[in-house]
Structures are given as structure tokens and as C-alpha cells.
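Novice: Any chance you can model this:
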Amino acid sequence: MAHQWRIRHKLLLGLGLVEGLMGLLLAGTLMGLLSYHWTMKSIDSKLSELEAAEALKETVSHIDSLNPAEDVDNLKNRILDGRSDLAAYEGRLADTLNRKRDRNGGVFEKLSIDALRKFFEELQTEIPKQPKFLSGGTSMEGGGLEGQYKKNVKEATSRLLTTATDLRNEINTHLKDSIKDSQGPYRLSMWIVLTTSGVGGLLMISLLRFFYGWIFNPIRDLEQGVNRVAQGDFEHRIELHSGDEMEELAAAFNDMTNRLDEMYRDLAHQVNERSRQLVRSERLASVGFLAAGVAHEINNPLASIAFCSEALESRIADILTKPPKESEIITKYLRMIQQEAFRCKAITQRLLEFSRGGERRREPTDLADLIQSVLDMVQHLQNGKGKEIIFEPADGLLAWVNAQEIKSVVLNLVINALDSMEEGGTLTITLRQHDRMAEMVFADTGCGMSGEILENIFEPFFTRSRTGKGTGLGLSISHRVITQHGGEIEATSPGSNRGSTFTVRLPLQPAESGACVSRSENTSERETQAKEETLGRAAA
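Specialist: This is a model prediction of the structure:
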């Protein structure tokens, strides 16, 4: 069947049918035009002949009306005019025959011309035979010679008139026959043109319908299938049963989709496994880094506690024998011991608060307090020494977020900024409201970024850390966290050694799904990894 043919065969079939109909339509049209052309030319020539024949008949009629006994001179002139009109008609007939505009070849017309020429000669022969007495003015009514003369002349003029009349009638008959004969080709041409036009219209509608089924619909299905696969639906299959190249293309595309799906699943599994390994590695590194930082910061209050304890130990034996001033010193040392102990507790408390995941709920959160809590903890890290942090808050700016996740993002951005700067660098954090969004801007005076780095800054495993540490997952996870909150994060830099700016935008109102965000076991694991990755970036 036709729907099982190849596309080129279907197109050739349609093209052949269309060309056949166009050929029939052209043939019918040409037939009608040629018939009309020949008929009009033939009529034109015959009308010219008819005009000459009418002039000849008119002259012959005048000859027949003359009295041969009384109008001899006038009769001679009319005969000359008649022969002249006959010659004119003969010339027009010759022109018609030369142009082949007479279907009968002018047979009757030629016979009529010969007869007319003969009758004119007989008439001219009879005129010199008139009786001599006619010229002398003497009349012999009813005489034998006069009667015979008139009879001969009348017979000649009658034959001339009859032949001229027959010639004219024959031309009229020929005109009518030409018109009648042209009606046949005309009707045939009209029948061919109308029938071919009707069949052509139906054929075009049918071909359009078939081509929609053969070509346009399969192309539409292919386009829709490609769009669904482009959107990530690798399970979609394109079903075509056209039996042509379209079906083969759909089968090849489905095979490619199957392979892509398998490769994507395998790659996703490998990436997830590798990510978990890297996050665990960074978690261990972050533990060591934080431990070193905490030990460094706690050493100072512990040294003060140890010094005060030793001083008190040397004085406690003589406390009763010492003056009251010594009691004030002891009280001062005890107060210092308490202050430094509480200071150590505050440091460890902040670290514990940050390390706890807590519930993954989104609720109105004061971003100024959140950023300040991160800065209070960062000031104890070694990489913040000799670098200035300027915070420009906007009071009362509440965003609908999960505090622990956003705190991890802020810490990651602050640690990255501190790592990118030398001593004396400045990190400026600006908090403001912009277009119904809370906007946090982190602008540092560090090493900056090139265009290539900006294009890949949020890609997983992409890192350009100056310390040579880190896996490149921190910004990628931060980007995912901000996106899940319905926000945006973008990075800009004028160029290398010209600083960088990270802008984070978060919604001030909750998403349509509600304030609380439920999470599955896999989501919980990924968020925990995000927090651990952020801690790892702090270690870097």
C-alpha cells in the first residue's frame, strides 16, 4: 500500500499525478484556444470574402435591372465594374486559400468564379450583336432581332445574378458551418478543463490529507518527542508506524534515548557516589581544621585560667596574713577565670549550634541576626586574622528560609572571600531589600575571577582555591540550596586581582507549597552533605 512506500516514492507519486492533471488541463486549454483562433481567422477571411461577394452581387443586380436596348453604354460600364468586383473577390479568396483558412479548399468558390467569368464574357459577346437600328433611334417593338437580343442579354444577366447570389449564400453557409464546427472542440475543451480542474481540486485535497499523515504528523511527533527528551524525560518513546524513513528515524532516536538513559543513570550513580566520598573526606578535613582553630582560640582563655590558677595557688597559703589588697587581686583572678571559662563555652556553643542540623523547616528568619551569628563564629578562625569585615545590615528584614541551610551558605561565601584576600583585605557584606526579595551582597577585595572561572563557578568539582584545598562542591551546593529556596545567586568580577562580588536573593514570602518543606530520606542526606561541604569549605 502507498503508506508503506518510501517518502521519495510517495512524493514521486504525488508529483506524477499533479503533472498529469496539469498536462490534461494544458491540453484542453490549448485545444480550445487553437480552435477559437482558427475559427476567428477563418471567419475574418470569409467576412472579407463576403464583403467582396456582396459588392459583386450589388453590381450584378444593377446590370440585371438595366434595359439592354436603351442603356447600352451604362450596361457596358456596369459590366466593367462587375468584372472588377469579381477580380477583387478572387484576390480575397486567393488570400484565404494561401492562409489555409478554408476547410473545403474553396472548391465551390472557384467554380463560381469560373462561371461568373464565363457569364461576363457571354454578356460582353452579346452587346456587339445589338441590331443596327437601335443605334439610329428607330424602334421595332416586338421585332425578331430586338427580341432575340433582349432575351440573350437577360439570360446572361440572370445567370450572373443567380451565380453571385449563390456565391454569397455559400459564403454565409460556410460561416455558419465554421461556427457550428468550432462548438465541438469548444465543448470538448470546456469538458476537459472543468473535469480536470475538479479532479485536480479533489486530488490536491487528498494529497494534502495524505501528506499530513505521511510526513507532517510524523515530523510533529518527532518534534514533540525530541522536546520531551530535551526536558529530561528519557523514558519517552516515539511511536511511528509509517513504514518509511520517518519510522526508521523514530526507531534510531528511541535507541539513542535508551543509551542516553543508561549512560545518564550510570553517570548519576557515579557522581552521587563520588560526591558522598568527597563530602566525607572534606568532613574529616573540616573536623581537623575546626579543631585546630578552636584549640588556637581556646588556648588564650585557657592560658589566662592557668595563669590565674597558679597565681591563686601561690597566694592562697598566705591569704590570712596578707592585707585586704591581696583579697581584691584574688577576686580579680577569680572573675577572670569565670570570664575566660564562659568565653570558651561561648566558642564551643557557637560551633555546636552551627554543626547541628536541626529541623529542615522554613520560617521567617531575621537575616541580620543570622549573618551576625556567622561572623561571630568566623572571627575565631585563623584565615580571618588581619582582614576586615564590614557588615551593613537592614534591621527587621525577615526572609522565609531554613536558618541552618542559609547559615551554611553565608559561612561558605565568607570563608571563600577570606581565603581569596591577603592581609589588609576588606569584605563588605550588605543586606537590603530589592524587588520584594532580600538581597545579600558579599563584596571582597581579593584575587578576583576571570571570565572562564565565572562561567563555571557553580559547576560541581570546579575549584580555583588559592589554598589548593577543597573539592569545588561548596558553591555548587550553595547554588542548589538557594535555588530550592526559590532564590538566586550570581557571581561577578571585574577581572583578576580586582575582587569578586556574590549576590544572594531570597524570597520574603513563603512559596505556594507552604512554610514547612517536607523532605525524604534522600533529600535529608543531600542537605546534610551540603552542610558538611560548607564546613569543609570553612576548613579550606
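
Novice: Nearest the geometric middle of this protein, what residue?
Specialist: Closest to where the C-alpha atoms of the chain average out (CA atoms, centre = their mean) is E223, at 12.2 Å.

Novice: what's the distance between that one and V229?
Specialist: Look at E223 and V229: by CB to CB, to the nearest Å, they are 11 Å apart. Backbone N, C-alpha and C define where each C-beta goes, glycine included.

Novice: Common neighbours of those two, please.
Specialist: Shared contacts of E223 and V229, defined by CB atoms under 8 Å, 6 or more residues apart in numbering, are absent.

Novice: and C447, that's in a helix?
Specialist: No - applying DSSP: H, G, I helix; E, B strand; the rest coil, one finds C447 to be coil, outside a helix.

Novice: which residues does it contact?
Specialist: S420, M421, R466, S496, N497, S500.

Novice: 10 Å - rerun?
Specialist: 419-422, 425, 464, 466, 493, 496-500 (CB atoms under 10 Å, 6 or more residues apart in numbering).

Novice: Return the item of the residues you listed having minimum pLDDT.
Specialist: Lowest pLDDT of the contacts of C447: R466, 55.

Novice: ok, which stretches of the stretch 251-400 of the chain are strands?
Specialist: 363-366, 388-392, 398-401 (DSSP state E, counting those that start in this stretch).

Novice: What pairs with the last one, parallel or antiparallel?
Specialist: Same thing as strand 398-401. Strand 398-401 has the following sheet partners, assigned by DSSP bridges: strand 363-366 (antiparallel).

Novice: hang on, the earlier thing: now do the phi/psi pair for the residue nearest to the centre of the chain.
Specialist: Phi and psi for E223, reported as degrees, to the nearest 10, are phi -60, psi -40.

Novice: Show the model's pLDDT score for it.
Specialist: 82.

Novice: coming back round to it: right, so of the strands of the stretch 251-400 of the chain, which gets closest to T348?
Specialist: strand 388-392 (21.9 Å; CB to CB).

Novice: can you tell me the average pLDDT over the closest one?
Specialist: 92.

Novice: neighbouring strands for that strand, and are they parallel or not?
Specialist: Counting by DSSP bridges, strand 388-392 is paired with strand 426-434 (parallel).

Novice: and the helix or strand following the partner strand, how far out from the chain's middle?
Specialist: Sequence order places strand 437-444 as the next helix or strand after strand 426-434, per DSSP states H and E. Mean-position distance between strand 437-444 and its chain equals 40 Å (CA atoms, centre = their mean, to the nearest Å).

Novice: now for strand 437-444, which elements pack on it?
Specialist: helix 367-378, strand 388-392, strand 398-401, helix 403-420, strand 426-434, strand 488-492, strand 500-507 (3 or more CB pairs under 10 Å, 6 or more residues apart in numbering; DSSP states H and E).

Novice: Format the CA atom coordinates belonging to the last one as PDB.
Specialist: When you say that, I think you mean strand 500-507. What follows is strand 500-507, C-alpha atoms only, in PDB (Å, rounded to 0.1, in the frame of the first residue of the first chain):
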ATOM      1  CA  SER A 500      34.700  39.500  43.500                       C
ATOM      2  CA  THR A 501      31.000  40.000  44.300                       C
ATOM      3  CA  PHE A 502      28.500  37.400  45.200                       C
ATOM      4  CA  THR A 503      24.800  38.400  45.300                       C
ATOM      5  CA  VAL A 504      22.200  36.200  47.000                       C
ATOM      6  CA  ARG A 505      18.500  36.900  46.700                       C
ATOM      7  CA  LEU A 506      15.900  35.100  48.900                       C
ATOM      8  CA  PRO A 507      12.100  35.400  48.900                       C
END
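
Novice: what about that strand, distance to the chain center?
Specialist: 36 Å.

Novice: where does the stretch 1-150 of the chain have low pLDDT?
Specialist: Scanning the stretch 1-150 of the chain for pLDDT under 70 picks out 1-5, 68-70, 128-147, 149.

Novice: Could I get the full set of helices for it?
Specialist: 7-65, 72-98, 107-126, 132-135, 144-211 (DSSP state H, counting those that start in this stretch).

Novice: can you give me the angle the last one makes with helix 72-98?
Specialist: Orientation check (axes from the mean of the first three to the mean of the last three CA atoms, to 10 degrees): helix 144-211 against helix 72-98 gives 20 degrees.

Novice: ditto for the third one
Specialist: For helix 107-126 against helix 72-98, the angle between stretch directions is 160 degrees (the same axes, to 10 degrees).
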